[in-house]
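Student: Below are the sequence and a predicted model; questions follow.
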Amino acid sequence: MVDFEVVSLPATDHVAEGDEAPDFTRPLVNAEFWEDASLSELTADGPVCLVFHPMDGSFPATYIWNELRDRELGDHCTVVGVSISTPYAHKRLIEERNMDFDLFSDPANGVAEAYGVAHDLDGMAGVAEARPATFLIDADRTVQYAWVAEEWPDFPPYDDLEREIRALAD
Amino acid sequence: MSDEDPPITLYRLQACPYCERVVRTLDDLDLEYTSRFVEPMHSERDVVKRVAGSRPVPAIVDERTGVTMSESANVVDYLESTYGDGAAAGGAD
């Protein structure tokens, strides 16, 4: 990949390994409809990999979901995304990426704030979203693995993430 | 999705007045329900066709009675005759 300008993001006091993952309820979008769902409903069925991603349509969102889809991580645990995009945009993303993962819609960015991963976007006045971050959460809602972007742009360390998922879920 | 989900599922479209009419009836009868939002385009509503037989919304699925129904006037009549008059109001458990 070509070199691009990378900006360091400020240190953040984010949710860390060993912490209880904050519960939340937001519209959860699948390929056909959306309905309110909570994180704890998902963890009740087993481990969850919660993926914060930049808004739908941005190239990091496209790259992140292509990679997670191609690794078929949904075979091991529930993989679910969250971004500030609307349910309508999420449906497009799911369709365009041809992926089996559901996405939480969080336009007011409250979930990112609760996890300490909010990111004010330079040049888009009044818009904050999540910085890229992944949290692997077990069935007791304890965070077993956390990765939070320290640069912009930045991408999850996919090999590490896959290894952690397999260690926890398989 | 979970065992505690209300037995009534309402398939609805954002800002659709016929859907709001059903919501008002559900609220008046103190019935709990789960909202599932679908797309404005009929062709995008396969889930509604699958559960209700056709694509118009609002459509409801009532697991307590096994009834699946669309068309707001029908749905309102069904809800009022099934749960009206205090017979089962609030009995979402």
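Tutor: Received it, and whenever you're ready, just let me know what you need. Numbers count the residues shown, from 1 in each chain, chains lettered A, B, ... in the order given.
Student: got a list of what the residue most central in space within chain A touches?
Tutor: Most central in chain A under CA atoms, centre = their mean is A:Val51, positioned 1.7 Å from the mean C-alpha point. The neighbourhood of A:Val51, defined by CB atoms under 8 Å, 6 or more residues apart in numbering or on different chains, consists of A:Ile64, A:Leu68, A:Val79, A:Val80, A:Gly81, A:Val82, A:Ala133, A:Thr134, A:Pro156. All C-beta atoms are positioned from the backbone trio N, CA, C, and that covers glycine.
Student: so where does it fall, helix or strand?
Tutor: strand A:48-52 (DSSP states H and E).
Student: Likewise for A:Tyr63?
Tutor: Using DSSP H and E, A:Tyr63 sits within helix A:59-70.
Student: ok, which stretches of chain A are strands?
Tutor: Using DSSP state E, the strands of chain A run over A:7-8, A:25-29, A:34-38, A:48-52, A:78-83, A:102-105, A:118-120, A:128-130, A:133-137, A:143-148, A:151-152.
Student: Pipe those strands into JSON lines and attach distance to B:Val48 and mean pLDDT per row.
Tutor: What follows is the strands of chain A, written out as JSON lines (distance: least, CB to CB, whole Å; pLDDT from 0 to 100):
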{"stretch": "strand A:7-8", "distance to B:Val48": "45", "mean pLDDT": "90"}
{"stretch": "strand A:25-29", "distance to B:Val48": "16", "mean pLDDT": "98"}
{"stretch": "strand A:34-38", "distance to B:Val48": "13", "mean pLDDT": "98"}
{"stretch": "strand A:48-52", "distance to B:Val48": "28", "mean pLDDT": "98"}
{"stretch": "strand A:78-83", "distance to B:Val48": "24", "mean pLDDT": "98"}
{"stretch": "strand A:102-105", "distance to B:Val48": "18", "mean pLDDT": "98"}
{"stretch": "strand A:118-120", "distance to B:Val48": "36", "mean pLDDT": "96"}
{"stretch": "strand A:128-130", "distance to B:Val48": "31", "mean pLDDT": "98"}
{"stretch": "strand A:133-137", "distance to B:Val48": "32", "mean pLDDT": "98"}
{"stretch": "strand A:143-148", "distance to B:Val48": "37", "mean pLDDT": "98"}
{"stretch": "strand A:151-152", "distance to B:Val48": "41", "mean pLDDT": "93"}
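Student: would a markdown table of these with distance to B:Pro7 be doable?
Tutor: Listed next are the strands of chain A as a markdown table, based on distance: least, CB to CB, whole Å:
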| stretch | distance to B:Pro7 |
| --- | --- |
| strand A:7-8 | 51 |
| strand A:25-29 | 20 |
| strand A:34-38 | 14 |
| strand A:48-52 | 26 |
| strand A:78-83 | 25 |
| strand A:102-105 | 23 |
| strand A:118-120 | 38 |
| strand A:128-130 | 35 |
| strand A:133-137 | 29 |
| strand A:143-148 | 34 |
| strand A:151-152 | 46 |
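Student: How much space separates A:Ala118 from A:Ser83?
Tutor: 12 Å (CB to CB, to the nearest Å).
Student: These two: which has the busier surroundings?
Tutor: Between A:Ala118 and A:Ser83, counting by other CB atoms under 10 Å in any protein chain shown, A:Ser83 is the more crowded of the two (27 against 19).
Student: Now do the contacts for that one.
Tutor: So A:Ser83 contacts A:52-56, A:61, A:90, A:103-106, A:129-130 (CB under 8 Å, 6+ apart).
Student: Tell me, what's the model's pLDDT at the closest residue to B:Pro6 other than its chain neighbours?
Tutor: Distances taken as CB to CB, 6 or more residues apart in numbering or on different chains put B:Glu32 closest to B:Pro6, at 3.8 Å, once the chain neighbours are dropped. What the model reports for B:Glu32 is a pLDDT of 96.
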